[in-house]
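Enquirer: quick one: sequence plus predicted model below, questions after.
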Amino acid sequence: MNPSQLSLLKSIEKYVLQQLLNVDAGHDMSHINRVLTNARMINANEKGDLFLVEAGVLLHDVTDEKFFVKSVAEEQLQVFLKALGLSDEVTQKLQDIIRHVSFGSEFDGFEPLTLEQKIVRDADRLDAMGAIGIARTFHYGGSRNREIFNADIPPQCYQSSSEYRNSQAPTINHFYE
């Protein structure tokens, strides 16, 4: 990566730190840093555009509708990326990574097409596995005051990301869904 890209990543990281100040602990900078480590390991084999991968990881939660009004957050991000002086092409690629990395985006039939989207998606999903992933899931459910388990509410097959996002199902259901 060239010095200009490294400088841009530092600016992006500062933006992300500000944006994620009030999100739950499962989506804070510790999460971003774990995903960044995963993405770097994946990218070492896959050889995607490292700047797009790292910037995509840093930004992947800043428009998440679980925490932000999506349209407002996307507009703020657009203004920020423009202020950085990124080309329209790079800005669009970053927005595509961010828009389609989440688990919920798959309910809308989107399948990541670019190598960088796949790397960021997989790196994020790796952080959703194992003990940390379990802890993050229960932390999020608790932050939304959801029941942990309710035998009367079975796991669902969602038809859209909005249906999935608006579900108030017990937290344990997420593992089955």
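Expert: In hand now; what should we look at? Computed from a predicted structure; not experimentally measured. Numbers count the residues shown, from 1 in each chain.
Enquirer: can you list the buried residues in stretch 6-19?
Expert: Neighbour counts over stretch 6-19 (16 or more other CB atoms under 10 Å) mark 8, 9, 12, 13, 15, 16, 19 as buried. Bear in mind the C-beta positions are built from the backbone N, C-alpha and C, glycine included.
Enquirer: which helix or strand contains the first one?
Expert: It stands for residue 8. Under the criterion of DSSP states H and E, residue 8 resides in helix 3-19.
Enquirer: any idea how far that helix is from the chain center?
Expert: When distances are taken as CA atoms, centre = their mean, to the nearest Å, helix 3-19 is centred 17 Å away from the chain's centroid.
Enquirer: if we can go back for a sec, any idea which of the buried residues of stretch 6-19 is closest to residue 125?
Expert: Looking at those and their distance to residue 125, the nearest is residue 16, at 19.2 Å (CB to CB).
Enquirer: roughly how far apart are the residue nearest to that closest one when sequence neighbours are not counted and residue 165?
Expert: In space, and not counting its chain neighbours, residue 16 is closest to residue 58: 5.0 Å by CB to CB, 6 or more residues apart in numbering. The spacing between residue 58 and residue 165, counted by CB to CB, to the nearest Å, is 22 Å.
Enquirer: which residue packs closest to residue 150, ignoring adjacent ones?
Expert: Residue 150 sits nearest to residue 170 (CB to CB, 6+ apart), 4.6 Å away.
Enquirer: surely the one you found and residue 146 touch.
Expert: Yes - if you go by CB atoms under 8 Å, residue 170 and residue 146 touch, sitting 6.1 Å apart.
Enquirer: just to revisit the earlier point, before we move on, which element is the residue nearest to residue 16 in?
Expert: helix 50-59.
Enquirer: so for that helix, mean pLDDT?
Expert: Taken as a whole, helix 50-59 carries a mean pLDDT of 98.
Enquirer: how far does it sit from the chain's center?
Expert: For helix 50-59, the distance to the chain centre is 11 Å (CA atoms, centre = their mean).
Enquirer: packing partners for it?
Expert: Secondary-structure packing of helix 50-59 (3 or more CB pairs under 8 Å, 6 or more residues apart in numbering; DSSP states H and E): helix 3-19, helix 29-46, helix 88-100, helix 115-126.
Enquirer: now, of the ones you listed, which is deepest in the fold?
Expert: Most buried of those, by mean neighbour count (mean count of other CB atoms under 10 Å): helix 115-126, with a mean of 22.
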